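*Asks:* turn this into a structure:
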Amino acid sequence: MPVIEDIKVSHNTKYILWEITEDYEKLLAGIELDLESKRLLSQKKSEIHKNQFLAVRHLLKYLSIDSQILKYDTLGKPFFENNSKISISHSGAYVTLIFSDTNVGIDVETINDRILKIKSKFLETELTYPLEFNAETSLVYWNIKESIFKALDFHGINFKNNILVPPLDMKKNVAKSWYIDDKKIYSFDTYYKISKKYTLAYVIKN
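*Replies:* Just a heads-up that it's a prediction; the model follows:
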């Protein structure tokens with residue numbers, strides 16, 4: 001279980017990233033599942049989705065968190081029964097989560113060029129920035145917007161109009177981002193990175 005990063009962001013917020021190298025049988029043998037987890041696992045169609053599901057349980061075990069307090073709402077958003085906040089993401093061999101006592105969101109994506117075909121669907125103001133929106137940069141903007149979406153307790157969010165990400169300095173890896181609508185503005189401490197195989201961002205609501 002190669003843990004790539006295990007970072008205490010603040011006294012009440014922790015983020016962890018794991019690369020899956022184990023096969024399904026090894027992942028399954030290394031964890032005990034309750035009845036609800038077995039039911040959810042049986043609904044996964046592909047082996048990679050099964051592996052990602054099991055990897056999340058391994059991360060909870062690694063963090064000494066009882067997996068039985070992890071639940072999902074009707075839209076599939078994870079939450080803890082003890083009111084702590086959690087966000088989970090997985091893409092290919094990468095699985096990550098962040099938990100805190102305030103609203104948080106996280107997203108990881110394996111690097112691919114498909115994002116270039118849809119960037120106009122989630123970027124608007126950002127496309128006017130003097131930046132090269134290559135695959136990696138576009139994915140980071142997606143990571144951040146998806147993370148903010150996950151951090152909020154409501155739906156119907158328009159990524160283009162409601163979430164604003166500033167011009168990013170890819171060497172700094174820290175920024176402020178915002179959710180904006182007619183009634184409210186929320187700001188988020190924003191952290192992001194580009195690795196050789198993946199991009200990742202997580203946000204903490206102020």
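*Asks:* surely Lys183 is in a helix?
*Replies:* No - the assignment for Lys183 by DSSP: H, G, I helix; E, B strand; the rest coil gives coil, which leaves it out of any helix.
*Asks:* that one: neighbouring residues, count only.
*Replies:* Other residues near Lys183 come to 5 when the count uses other CB atoms under 10 Å. For the C-beta atoms, the positions are set from N, CA and C on the backbone; glycine is no exception.
*Asks:* for it, give me its contacts.
*Replies:* The contact partners of Lys183, by CB atoms under 8 Å, 6 or more residues apart in numbering, come to none.
*Asks:* likewise for Glu124?
*Replies:* Glu124 touches 160-161, counting by CB under 8 Å, 6+ apart.
*Asks:* could you rerun that using 6 Å?
*Replies:* Residues near Glu124 by CB atoms under 6 Å, 6 or more residues apart in numbering: Lys160.
*Asks:* and it, how far from Tyr141?
*Replies:* Using CB to CB, to the nearest Å, we find Glu124 at a distance of 11 Å from Tyr141.
*Asks:* quick one: the helices in this structure, in order.
*Replies:* 24-29, 35-42, 47-62, 115-122, 135-151, 159-162 (DSSP state H).
*Asks:* need the CA coordinates for the shortest one. PDB is fine.
*Replies:* Listed next in PDB are the C-alpha coordinates belonging to helix 159-162 (Å, rounded to 0.1, in the frame of the first residue of the first chain):
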ATOM      1  CA  PHE A 159     -19.000  25.200 -12.800                       C
ATOM      2  CA  LYS A 160     -18.600  28.000 -15.400                       C
ATOM      3  CA  ASN A 161     -20.700  30.700 -13.600                       C
ATOM      4  CA  ASN A 162     -20.600  29.900  -9.900                       C
END
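*Asks:* outside of that helix itself, list whatever touches it.
*Replies:* 122, 124, 145, 179, 181.
*Asks:* torsion angles phi and psi at the last one?
*Replies:* Geometry field for Asp181 lists phi and psi as phi -140, psi -170, criterion degrees, to the nearest 10.
*Asks:* how many residues are close by it?
*Replies:* 14.
*Asks:* tell me the spacing between it and Asn12.
*Replies:* 27 Å.
*Asks:* please apply the same query to Ala175.
*Replies:* 21 Å.
*Asks:* one step back: which one of the helices of the chain lies closest to Thr96?
*Replies:* helix 47-62 (8.3 Å; CB to CB).
*Asks:* can I get the CA coordinates of the closest one in CSV?
*Replies:* Taking C-alpha atoms only, helix 47-62 is exported to CSV below (Å, rounded to 0.1, in the frame of the first residue of the first chain):
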residue,chain,number,x,y,z
GLU,A,47,-12.4,-4.5,-11.2
ILE,A,48,-10.9,-1.1,-11.1
HIS,A,49,-14.0,0.3,-9.4
LYS,A,50,-13.9,-2.6,-6.9
ASN,A,51,-10.2,-1.9,-6.2
GLN,A,52,-10.9,1.8,-5.6
PHE,A,53,-13.7,1.0,-3.2
LEU,A,54,-11.5,-1.3,-1.2
ALA,A,55,-8.7,1.1,-1.3
VAL,A,56,-10.8,3.7,0.4
ARG,A,57,-11.5,1.2,3.2
HIS,A,58,-7.8,0.5,3.5
LEU,A,59,-7.1,4.2,3.9
LEU,A,60,-9.7,4.4,6.6
LYS,A,61,-8.0,1.5,8.3
TYR,A,62,-4.6,3.1,7.9
